[in-house]
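Student: sequence first, then the predicted structure:
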Amino acid sequence: MTSRSGIITLLTDFGYEDEYVGVMKGVILCRYASARIVDISHGIAPQHIEQAAAILESSYLYFPRNSVHLIVVDPGVGTDRNILLLEAADHFFIAPDNGILSPLLHCPEKVRALYRLNSPSVAGSSTTFHGRDIMAPAAAELAAGGAPADMGQPVALSGCVIFALPGPLLEKDLVRGEVTGVDHFGNIITSIKVSDLGRLQHPLRVEIGGLYVEKIHTCYGDVAPLTLVALINSRGKLEIARNKGNAADFVACRMGDPVVVRQLS
Amino acid sequence: MTSRSGIITLLTDFGYEDEYVGVMKGVILCRYASARIVDISHGIAPQHIEQAAAILESSYLYFPRNSVHLIVVDPGVGTDRNILLLEAADHFFIAPDNGILSPLLHCPEKVRALYRLNSPSVAGSSTTFHGRDIMAPAAAELAAGGAPADMGQPVALSGCVIFALPGPLLEKDLVRGEVTGVDHFGNIITSIKVSDLGRLQHPLRVEIGGLYVEKIHTCYGDVAPLTLVALINSRGKLEIARNKGNAADFVACRMGDPVVVRQLS
Amino acid sequence: MTSRSGIITLLTDFGYEDEYVGVMKGVILCRYASARIVDISHGIAPQHIEQAAAILESSYLYFPRNSVHLIVVDPGVGTDRNILLLEAADHFFIAPDNGILSPLLHCPEKVRALYRLNSPSVAGSSTTFHGRDIMAPAAAELAAGGAPADMGQPVALSGCVIFALPGPLLEKDLVRGEVTGVDHFGNIITSIKVSDLGRLQHPLRVEIGGLYVEKIHTCYGDVAPLTLVALINSRGKLEIARNKGNAADFVACRMGDPVVVRQLS
C-alpha cells in the first residue's frame, strides 16, 4: 500500500467571505481528525478552470509525496460530470472532470491510476456543493490511507476532459506566446517557458501591448524603479514585471494577449 | 465531563490585511499548544452581525462535536455588553452578546448551558480588542477541557440579545421572503427554506427585482450560461444564481429586497 | 541549546490569489513535517516594508517564545541584499535585510544574535522567489531545532538596513505625530503612543485633516454611531475611529498626514 503524507491541500474559487472553505475543513476533520490541511488559494476567479490548472501545476510538487490535492472549481456541479481521483507524479488529486487536471493528464507517463469517484447517495447531499458533500469526504478517506480502487471505478484518460495548454510558437528568430495570467503583484505571466528561449541568440527583445522590453534580466532590482523588466519567474516562465510597480496595470494587457520574444541580431 | 474535539473555529470581521487574526491564534497557542484552529471566515462585512449569524448557522454543524466556535464581530467592544459562553447542539460558542448567537438562542431546546464570561482584570488588557484579550484565552481554556461553569456566571436566555430571524410569509398560493445575503459568486441567498415551498403546487415562478425566474431547478448547469436559475442551495435555502455569471450584479438586488415564489396554476 | 515552539508564522505581501503562500508551506512541511504554520497576514500592500514592520511589531510577542517568524516582503529579491536570521526578544526572525526588522534592530539590548543566511546554490533555485527557495527552508530548519550559527555568518547591527521609526514630537502643550496606517475597519492608526500623552493635562483635543476630535475615549461605543472617536488602540497607539463606520474614508487621510494632540487648558 502506498503511504500518505497526511496532508490535504485545497484550491478553490470560493473566496474568503463565505463559510464554504471552513465547512470543507470541518467535513475533513470529522472523518480524519489528524489531517493537515493547507490552503493553496481560494482566490481563483469564479469558474476559472484554466487559472486553477496553472496554479495546481505550479504548486503540487512543492508538497511531500503522497499528499492529497483537492481542487474545487466546479461550474458543472450537480450535472452528470464525473469527479476524478487521479494518482500521478507521486501525488493524489481529486477534482471535477472539467479540464482542471490537464497539466497532469497531458503527461500519460506520469499517470499511475485514474478513477471516477463513486457517487454516494447520501441523505442531505446537495446538488450545488459537491466540494462539501462528496469531494471533501473522499479527500479525507484518501489521505487517511483509503485505497483509490475502493473509492471509484477506473476510467480511461481518453474519456476525460483535457484542454489544450497554451504552447508558444517557435519560429526562426522569434517565439510567439501569450499572456496566461497576472499575479497579485501585477506581474504578467506568459506561456513562454525558459526552455523555449534556449534556441534564440541574445540580445533578445520582448514585445507586449505595443511596448518593447529589452533583454531578459535576472531579477526585479536589475532595472530602475517603475521600469518594465522581463525575466524568468519562479514557475520557469517568461514574466514581464515592473520594478516596485504593477506591470499589468501599466501595460493594460489581458489574458490571451500576444507576447513575442525576438532575436535582435 | 464533556470531552473536547480540540478544534477552535474562528469567525470574524477582521479582514485579511492586519495582524488581528494571527494574534488571536498566537494567544490561543500560548495557552493550548495543540489546539487545531480553523478559519471559517474573516471576510464578514465590518460590524455585520446578521451576516456572521447566518454563516455561523451554516457552518458549525459540519465540525466534530464538542468543537469551540469563537465569533468576534463586536462593535460594542469595551462597553458593558456581556461576552457569552454557550453550550448548545453539542458544540461550544463564545461571542459577544449582540445577537450573533440568535440562530442557536432561538431554539431553547438546543441550549444546554449559557454563561457570561468573567471579565478578567488582566494588566494590559485593551478596551478595543477583547477577541485577543478575553475571548481567545477563554476559547483556549474551553477547548483544552476547561469547565464552562468555572469560566462565567449563568445567565438567562431572556436576558440576551436575540434578533428576529427573517422568516418568510406563507400565503395561499405564494411565499414572500427576502434577500438575506449575496455570496462570493454573486449568488443571491433568500430567507425562503426548502420546507416553505412544500405546500405550493408546481410549476412555480420566482419574482425578484422585477424579473421572473421560471421553475426551481436542481443545479446551475440546468440552464444555459448567463441565464438566471432558481434552486435550493447547500444551506437548504432558495437561491437565485446565474449560470457561470454573477446574479447579484445582474439583478442589482440588495439585502432585504423582496423575493416571491408564486404558484402558477 | 534553545528549544523551539514548533511554530512558524508567515507575514508577506503575496496576497491570496496565487500559489505563493501555499507553496512556502509545502516547502516547510517537506522539511519539518510537524511544523505548526500560522498566517499573520499576506495582505501587506505590495513592497510596503513599513507596513510589514508595524504588523510584525504588533504580533510576534503574542506567540509562544522561541517561535520562528518568517517575513517575506522582498522587492530586492535576487539582488545582493542579505537575508537575515535574527534572534531577539526570545523569538527568531528570518527576513530580507531591507528594514523590515527595524522594530527589533532599533533595540540592541533585545538582540541576542544576528546572522546573514548562507546562500545555498540549490539547483533550480529561482532569482525571484527566495521566500520559497531560501527563506522557507531556513525557517523549517530553524523551527526544527537548527542552530542559527550553523545557518549563516554573524553580521554587525551597524551593517544592516534600519529605518527611522516615525516618533512623535513632544512640545509644551501638544504632541505632533502622523498617520502610520489604516486598518481593515478604516481605523486611523497614528505614531503617538499612550506614553507620549501622559505629560499633557486633560481635556485633550485631537486634530486631523482639519477636523477636531474632542477627548480621548475608552472604546468605540463611547460615542454615537458614525461619530469620530479618538482612543488608545490594542497596539497602545492613538487611533481615530468612527463608531460603526470608516474613519479613513470620512477623514480622507493618507499615510504621513499630521496628527496633533493638544492640551486645551
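Tutor: Thanks, I have it. Residues are numbered from 1 along each chain as shown, chains lettered A, B, ... in the order given.

Student: from A:I232, how far off is the residue of the stretch 151-265 of chain A found nearest chain C?
Tutor: Here the stretch 151-265 of chain A gets closest to chain C at one residue, A:C219, 2.5 Å apart by Cβ to the nearest Cβ. In short, each C-beta sits where N, CA and C put it, glycine included. Plainly put, A:C219 is 10 Å away from A:I232 if you go by Cβ to Cβ, to the nearest Å.

Student: quick one: neighbours of the residue of the stretch 151-265 of chain A closest to chain C, just the number.
Tutor: 20 (other Cβ atoms under 10 Å in any protein chain shown).

Student: what strands flank the helix or strand bottoming out on mean pLDDT in chain A, and is each parallel or antiparallel?
Tutor: In chain A, the helix or strand scored least confidently by mean pLDDT, DSSP states H and E is strand A:169-170, which has a mean of 92. Strand A:169-170 has the following strand partners under DSSP bridges: strand A:174-182 (antiparallel).

Student: what do A:C219 and A:I232 both touch?
Tutor: Counting by Cβ atoms under 8 Å, 6 or more residues apart in numbering or on different chains, the common neighbours of A:C219 and A:I232 are C:127-128.

Student: leaving out the residues flanking it, which one is nearest to the residue in chain A positioned nearest to chain B?
Tutor: Chain B sits closest to A:G78 of chain A, with a gap of 2.5 Å, by Cβ to the nearest Cβ. Closest residue to A:G78 in three dimensions, ignoring its sequence neighbours and counting by Cβ to Cβ, 6 or more residues apart in numbering or on different chains: B:C219, at 2.5 Å.

Student: low-confidence ranges, the stretch 51-200 of chain A, go.
Tutor: The model of the stretch 51-200 of chain A has pLDDT under 70 over residues A:120-124.

Student: what are the ranges of the strands in it?
Tutor: For the stretch 51-200 of chain A, strands defined by DSSP state E, counting those that start in this stretch occupy the ranges A:68-72, A:83-88, A:91-96, A:111-117, A:152-154, A:169-170, A:174-182, A:188-193.

Student: mind putting those in JSON lines, mean neighbour count included?
Tutor: As requested, the strands of the stretch 51-200 of chain A are exported to JSON lines (neighbours: other Cβ atoms under 10 Å in any protein chain shown):
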{"stretch": "strand A:68-72", "mean neighbour count": "27"}
{"stretch": "strand A:83-88", "mean neighbour count": "23"}
{"stretch": "strand A:91-96", "mean neighbour count": "26"}
{"stretch": "strand A:111-117", "mean neighbour count": "18"}
{"stretch": "strand A:152-154", "mean neighbour count": "14"}
{"stretch": "strand A:169-170", "mean neighbour count": "14"}
{"stretch": "strand A:174-182", "mean neighbour count": "21"}
{"stretch": "strand A:188-193", "mean neighbour count": "24"}
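
Student: okay if I get those strands as CSV plus distance to B:V38?
Tutor: CSV is the format used below for the strands of the stretch 51-200 of chain A (distance: least, Cβ to Cβ, whole Å):
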stretch, distance to B:V38
strand A:68-72, 15
strand A:83-88, 24
strand A:91-96, 20
strand A:111-117, 24
strand A:152-154, 28
strand A:169-170, 47
strand A:174-182, 29
strand A:188-193, 31
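
Student: so what's A:H130 up against?
Tutor: Contacts of A:H130 (Cβ under 8 Å, 6+ apart): A:72, A:74, A:77-78, A:83, A:96.

Student: now the two most distant members of the residues you listed.
Tutor: Comparing every pair within those by Cβ to Cβ identifies A:V72 and A:G78 as the most remote, at 13.2 Å.

Student: is it true that A:D90 touches A:R65?
Tutor: Yes - counting by Cβ atoms under 8 Å, A:D90 touches A:R65, with 4.4 Å between them.

Student: name the residues of the stretch 101-250 of chain A found near chain B, please.
Tutor: Applying Cβ under 8 Å from any Cβ of the partner chain, we find that the stretch 101-250 of chain A lies next to chain B at A:126-129, A:132-133.

Student: which among these gets closest to B:L238?
Tutor: Distances from B:L238 to these, taken by Cβ to Cβ, are shortest for A:T128, at 11.8 Å.

Student: hmm, back to that, show me the contacts for the residue of the stretch 151-265 of chain A closest to chain C.
Tutor: A:231, C:77-79, C:127-128.

Student: of the residues you listed, buried ones?
Tutor: Buried members of those, scored by 16 or more other Cβ atoms under 10 Å in any protein chain shown, are A:231, C:77-78, C:127-128.

Student: please convert those residues to a markdown table, extending it with distance to A:A224.
Tutor: Formatted as a markdown table, the buried ones among the contacts of A:C219 follow (distance: Cβ to Cβ, whole Å):
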| residue | distance to A:A224 |
| --- | --- |
| A:L231 | 15 |
| C:V77 | 16 |
| C:G78 | 15 |
| C:T127 | 18 |
| C:T128 | 17 |
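
Student: contacts only, for A:G256.
Tutor: A:178-179.

Student: now with 10 Å, please.
Tutor: A:166, A:178-180, A:191 (Cβ atoms under 10 Å, 6 or more residues apart in numbering or on different chains).

Student: please enumerate the helices of the stretch 1-150 of chain A.
Tutor: For the stretch 1-150 of chain A, applying DSSP state H, counting those that start in this stretch gives helices covering A:20-31, A:49-59, A:102-105, A:130, A:136-143, A:148-151.

Student: which among those is found nearest to A:S3?
Tutor: helix A:136-143 (11.0 Å).

Student: and that closest one, what does it pack onto?
Tutor: Using 3 or more Cβ pairs under 10 Å, 6 or more residues apart in numbering or on different chains; DSSP states H and E, the elements in contact with helix A:136-143 are strand A:7-12, helix A:20-31, strand A:36-41, strand A:68-72, strand A:83-88, strand A:91-96, strand A:111-117, helix A:148-151.

Student: which among these is found nearest to chain C?
Tutor: strand A:36-41 (3.7 Å).

Student: give me the beta-bridge partners of the nearest residue to A:I188 once chain neighbours are set aside?
Tutor: Sequence neighbours aside, A:I240 is the residue nearest to A:I188 in space, at 4.3 Å (criterion: Cβ to Cβ, 6+ apart). Taking DSSP bridges as the rule, A:I240 bridges to A:I188, A:A230.

Student: that's all I had, so thanks and see you.
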